[in-house]
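A.B. asks: Provide a 3D model corresponding to the input given below.
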Amino acid sequence: MVKKAPRRTAERILEVTLDLFNRFGEPNVSTTLISAELRISPGNLYYHYPAKDELINALFDRYEQSLTELLAAADGVRNVEDAWFFMHTLFELIWQYRFLYRDLNDLLSKNRRLETHFQAILKNKTRAVRAMLDGMGRSDALHIDTRELEATATSMVVVLTYWLSFEYVRDPRRALEPESAQVALLRGAHHVLNLLMPYLESGQRAHLLELVGPYATPPG
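C.D. replies: Just a heads-up that it's a prediction; the model follows:
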């Protein structure tokens, strides 16, 4: 029983840190605030995570592992319905670790490990989107010139990566709050998949319009 206590404490530290990072942004959360929220001493926190970067890296490792597992599902996408589910699930994961995307440029400038790993993540996202487009092409859900495939996949990854930043700029006080999650994620999935509109088979295009109709981004 004694051996399990540190693991439970370490887990709780990560849970609370993730919540604080998501709510206030990583730059605005100190280790003092984290230990106060947990009602533990700073020394206890440092015992498990001697530096703030170690907390960030531990959370990032969890995100990266979950993302790698999720991106593998891109191979199974065959139509608009599959693509909608895949993108929405991907946005749900991004939302769970939204502090990474809210403060992405700042984090990358300060953390060399994140910088190199995020470059790999971008490549993996692009590879997964290409696999999704290939699968949809093989099932005749879309028809895209191979010369346009790479640029389209890259554009989809750009929207996917920076969508929450756009939501935050559009409405800084509410966009990244939990009550805004579902609409923000659905809008994100909508705008990523909307890039496929010119290439979709007519029936698939009509179905996508039905799926995304209620989630158009409001003006402003």
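A.B. asks: Roughly how far does Ala131 sit from Thr152?
C.D. replies: Ala131 is 13 Å from Thr152, where distance means Cβ to Cβ, to the nearest Å. No exception for glycine: its C-beta is placed from N, CA and C like everyone else's.
A.B. asks: ditto for Ile121
C.D. replies: Counting by Cβ to Cβ, the gap from Ile121 to Thr152 is 19 Å.
A.B. asks: Over to Glu81?
C.D. replies: On the measure of Cβ to Cβ, Glu81 and Thr152 end up 20 Å apart.
A.B. asks: who's more crowded, those two?
C.D. replies: Thr152 (19 against 14; other Cβ atoms under 10 Å).
A.B. asks: what residues are up against the residue nearest to that one when sequence neighbours are not counted?
C.D. replies: Nearest residue to Thr152 in three dimensions, chain neighbours excluded: Leu195, at 6.1 Å (Cβ to Cβ, 6 or more residues apart in numbering). Residues near Leu195 by Cβ atoms under 8 Å, 6 or more residues apart in numbering: Thr152, Ser155, Met156, Val159.
A.B. asks: for the second one, what are its contacts?
C.D. replies: Right, the one you point to is Ser155. Leu195.
A.B. asks: Tyr49 contacts Ala58, correct?
C.D. replies: Yes: when contacts are counted by Cβ atoms under 8 Å, Tyr49 is listed as touching Ala58 (7.0 Å).
A.B. asks: which one of these two has more residues nearby?
C.D. replies: Set Tyr49 next to Ala58 and count neighbours by other Cβ under 10 Å: Tyr49 wins out with 19 against 16.
A.B. asks: where do the helices sit along the chain?
C.D. replies: With DSSP state H, the ranges of helices along the chain come out as 4-24, 31-38, 42-48, 52-71, 80-96, 98-102, 104-110, 112-138, 146-170, 181-194, 202-212.
A.B. asks: Buried deepest among those helices, which one?
C.D. replies: helix 98-102 (a mean of 23; mean count of other Cβ atoms under 10 Å).
A.B. asks: Against which helices or strands is that helix packed?
C.D. replies: With contacts defined as 3 or more Cβ pairs under 8 Å, 6 or more residues apart in numbering; DSSP states H and E, helix 98-102 has these neighbours: helix 4-24, helix 52-71, helix 146-170.
A.B. asks: one step back: any idea how far the residue nearest to Thr152 is from Met132?
C.D. replies: 12 Å.
A.B. asks: again, but for Thr68
C.D. replies: Thr68 is 16 Å from Met132, by Cβ to Cβ.
A.B. asks: List the neighbours of stretch 98-116 that are in contact with it.
C.D. replies: So stretch 98-116 is in contact with 18, 21-22, 25-27, 53, 56-57, 59-60, 63, 94, 118, 161-162, 164-165, 168, 176, going by Cβ under 8 Å, 6+ apart.
A.B. asks: average model confidence for it?
C.D. replies: For stretch 98-116, mean pLDDT rounds to 88.
A.B. asks: Determine how far the last residue of it lies from the first.
C.D. replies: Terminal residues of stretch 98-116 lie 19 Å apart, using Cα to Cα, to the nearest Å.
A.B. asks: Quick one: residues contacting the residue nearest to Pro42 when sequence neighbours are not counted.
C.D. replies: Nearest residue to Pro42, sequence neighbours excluded (Cβ to Cβ, 6+ apart): Ser35, at 4.8 Å. For Ser35, the contacting residues are Ser41, Pro42, Asn44, Leu45, by Cβ under 8 Å, 6+ apart.
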